[in-house]
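In: Prediction below, plus the sequence it came from.
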Protein chains: 2
Amino acid sequence: MSRHHHHHHEGCQRRDAAQLLEQCLQRAKAAGLRRTAALHEVLALLLEACQPLTLADLSADPRLAALADRSTVYRLLVKLEQHALVRRVGLHDRAAYYHIHLPGEHHDYLICEGCGRIERLEQSCPVEALEQTLSAQSGFTNLKHDLTFYGLCPHCSSGSSQPCCDLVH
Amino acid sequence: MSRHHHHHHEGCQRRDAAQLLEQCLQRAKAAGLRRTAALHEVLALLLEACQPLTLADLSADPRLAALADRSTVYRLLVKLEQHALVRRVGLHDRAAYYHIHLPGEHHDYLICEGCGRIERLEQSCPVEALEQTLSAQSGFTNLKHDLTFYGLCPHCSSGSSQPCCDLVH
DNA sequence: ATACATGCAAACATTTTGCTTTGGC
DNA sequence: GCCAAAGCAAAATGTTTGCATGTAT
């Protein structure tokens, strides 16, 4: 489980959730994956979560725990990452975090070092332009980037010792 | 050892190496650390390296291995990070990477996903401005950020199966 | 003299793999 | 039926800690 665990129940309120899921399943099939219950649920959970999840987060979720072993989830994530359906990010925690990668979408995150809360940033990323330049200058191809901000959220800034969100330990 | 290990022998050619080291030692002392041989060498290695190093990289270096146990290096890194003398970054590897943090300096990195080579970017980071905005909007304080680019270096792009740099395995 | 730093070994957490069985196509 | 996926358990990797001892201040 992530160091600072939160409930992920709400998730993104995407109107076209079912449709997006179906799209991902199609992409997965195109990548050679079989349409299994575990794959379905991993994608569903990642789509619902508005933030990156760890392997532990995923495989502990009752909806997934009921139908797939952790190693299965792990292998799914590896394959999904290889085919660019998910992205793995560091986020300064010991565990790796995964988030869904939709074509044309890119997200940066803001993390509170006090309580571990992860917020997805909605503003457009200012780095796209630099990426072009960099590619030209360095000769690197297939450039991607990770941009993450760290700081103290308003509550943690205030020096309060109370947890500022529903931490579960 | 990092997944893609390189020789770090050359390092940055800083003219004022000795002076910088002394400055860091001063800052460390101010933070309450004692001036030990291990601390000296950890800082020296981090200053020389132009790229983030893992705990394994550091403690395997003969100059440090000779005089400090890995757990000592680990504890030094933890303390140095707490006092902002070093920064820990993710870099998509299993191990944590550490690099020196000099006042007023900030570096982003470009990593080849093929051979693991890490390049430090010299251009100024375009994110500083956004950081201000973000702080105002979100109420977060003490904002920092990590920006890392991933791609394939010219050699790895070419599809050659030859290693493009002095990998040690 | 005291408190911090160290070495060594053990505990932990997380990832990764081997092998057999199951199930999608 | 064939090959990928899954389950289980063990190995591998990297981090973290406990405790007795050494050492900077």
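Out: Looks like it arrived, so ask away.
In: Relative to its centre, which residue of chain A is most distant?
Out: Here chain A reaches farthest from its C-alpha mean at A:Gln137, the gap being 30.2 Å by C-alpha atoms, centre = their mean.
In: Pull up the residues of chain A that are close to DNA strand C.
Out: Within chain A, the positions near DNA strand C by C-beta under 7 Å from any atom of the strand are A:1-3, A:29, A:34-37, A:54-56, A:70-71, A:74-75, A:78, A:94-96. C-beta here means a position set from N, CA and C on the backbone, and glycine is covered the same way.
In: DNA strand D next: which of those are close?
Out: Within those, those near DNA strand D by C-beta under 7 Å from any atom of the strand are A:34, A:36-37, A:71, A:75, A:94.
In: Just the ones in helices from the residues of chain A next to DNA strand C, please.
Out: Of these, the ones assigned to helices by DSSP state H are A:29, A:37, A:55-56, A:70-71, A:74-75, A:78.
In: out of those residues, what pair is the most spread apart?
Out: Farthest pair in those (C-beta to C-beta) is A:Lys29 and A:Ala56. Separation: 27.2 Å.
In: so what's A:Ile111 bridging to?
Out: In this structure, A:Ile111 bridges to A:Ile118, A:Tyr150 when assessed by DSSP bridges.
In: In chain A, mark out all the strands, start to finish.
Out: Ranges of strands in chain A, per DSSP state E, are A:53-54, A:86-89, A:97-100, A:108-112, A:118-121, A:141-152.
In: returning to what we had before: go through the ones in helices among the residues of chain A next to DNA strand C and name the one nearest B:Leu121.
Out: A:Val78 (28.7 Å).
In: Distance check, the closest one against chain B.
Out: Distance, A:Val78 to chain B, using C-beta to the nearest C-beta, to the nearest Å: 13 Å.
In: Are stretch A:80-92 and chain B in contact anywhere?
Out: Yes - residues of stretch A:80-92 contacting chain B under C-beta under 8 Å from any C-beta of the partner chain: A:88-92.
In: what's the span of that stretch, first residue to last?
Out: For stretch A:80-92, the first-to-last residue distance is 22 Å (C-alpha to C-alpha, to the nearest Å).
In: tell me the average confidence for it?
Out: For stretch A:80-92, mean pLDDT rounds to 93.
In: tell me how far that stretch is from the chain's mean position?
Out: Centre-to-centre, stretch A:80-92 and its host chain are 8 Å apart (C-alpha atoms, centre = their mean, to the nearest Å).
In: Please identify the buried residues of stretch A:128-143?
Out: A:130-131, A:134-135, A:138, A:140, A:143 (16 or more other C-beta atoms under 10 Å in any protein chain shown).
In: And stretch A:24-43, by the same measure?
Out: Buried residues in stretch A:24-43, defined by neighbour count with 16+ other C-beta under 10 Å: A:24-25, A:27-28, A:33, A:38-43.
In: Out of those, which sit inside helices?
Out: Among those, the members found in helices (DSSP H) are A:24-25, A:27-28, A:38-43.
In: burial measure for the residue in chain A that chain B sits nearest to, as a count.
Out: Residue nearest to chain B within chain A: A:Gly90 (2.1 Å; C-beta to the nearest C-beta). By other C-beta atoms under 10 Å in any protein chain shown, 21 other residues sit near A:Gly90.
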